[in-house]
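>>> Structure for this input, please:
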Amino acid sequence: MPNVRHGTIKTVLGELTLVAARDQDGDGLAAIYFPGHWYLPEQSSFGTAVDASVDELFQTVKAQLDEYFDGQRTQFTIPLAPQGNEFSQKVWAMLQDIPFGQTMTYGDIAERMGNKHLPQRVGQVVGRNPISMIIPCHRVIGSDGSLTGYAGGLERKRFLLELEEPAEVTESRLF
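Residues are numbered from 1 along each chain as shown. So this is what the prediction gives:
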């Protein structure tokens, strides 16, 4: 069982709770939770509370998120340690392959996994992605192009998609 700890950081999307796990391979980010996060696990699973301002991994996460929010970062280089079954790990790996500024549907992901009948199951896994933004579940949309559920709320999902929107799309928008 890895050594688990948590701390909080302030961001433009509110105060985020970060959870890290340490095992024989070192530290990895296990979770990011928004205020009001859907599917929030029991607080006891967050491990020991630490001061995020002096935690090396948490400061790296904060710095990279700040760069992302400032438009200076399109990829993250943070060691990750999401906990989930084999299917979940495959879905989360596929989310990391969605390029910055692009979207996919749940059906697209299911097809890439080799079974076009799995969009609902993919959606359940995407909705429980423990490392929002860094594993970019906000880049997954409904088959009709609509914004669908996001554990941090649809307003945050819209914010993230607009942040990543190519300049030519932003400039052509009438609203």
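
>>> All the strands of this structure, residue numbers only.
Counting by DSSP state E, the segments of the chain that form strands are 3-11, 14-23, 26-33, 48-49, 104-105, 140-141.

>>> what's the closest of those strands to L95?
strand 140-141 (7.0 Å; CB to CB). For glycine as for every other residue, the C-beta is placed from the backbone atoms N, C-alpha and C.

>>> Would you mind pulling the contact partners of that closest one?
With contacts defined as CB atoms under 8 Å, 6 or more residues apart in numbering, strand 140-141 is touched by 95, 98, 103-106, 109, 123, 126, 147-148.

>>> Neighbour-wise, give me the winner out of those.
Tallying neighbours with other CB atoms under 10 Å puts V126 at the head of those, with 26 neighbours.

>>> can you list contacts of the helix ranked longest in the chain?
Counting by DSSP state H, the longest helix found in the chain is helix 56-69. Here helix 56-69 makes contact (CB under 8 Å, 6+ apart) with 7, 9, 11-13, 16, 18, 20, 27-29, 32, 50, 52-53, 73-74, 76-79, 133-134, 163.

>>> Can you say which of these are buried?
Buried by 16 or more other CB atoms under 10 Å: 7, 9, 11, 13, 16, 18, 20, 27-29, 32, 50, 52, 76, 78, 133-134, 163, out of those.

>>> For this protein, which segments count as helices?
56-69, 86-96, 106-112, 119-127, 154-164, 167-172.

>>> looking at those, which is closest to S45?
helix 86-96 (15.9 Å).

>>> Could I have the CA atoms of that closest one written out in CSV?
Extracted in CSV, the C-alpha atoms of helix 86-96 (Å, rounded to 0.1, in the frame of the first residue of the first chain):
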residue,chain,number,x,y,z
GLU,A,86,-7.3,-2.2,-16.0
PHE,A,87,-10.2,-0.9,-18.1
SER,A,88,-10.1,2.5,-16.2
GLN,A,89,-6.3,2.7,-16.7
LYS,A,90,-6.7,2.1,-20.5
VAL,A,91,-9.4,4.8,-20.8
TRP,A,92,-7.3,7.3,-18.7
ALA,A,93,-4.3,6.6,-21.0
MET,A,94,-6.4,7.3,-24.0
LEU,A,95,-7.6,10.6,-22.6
GLN,A,96,-3.9,11.6,-22.3
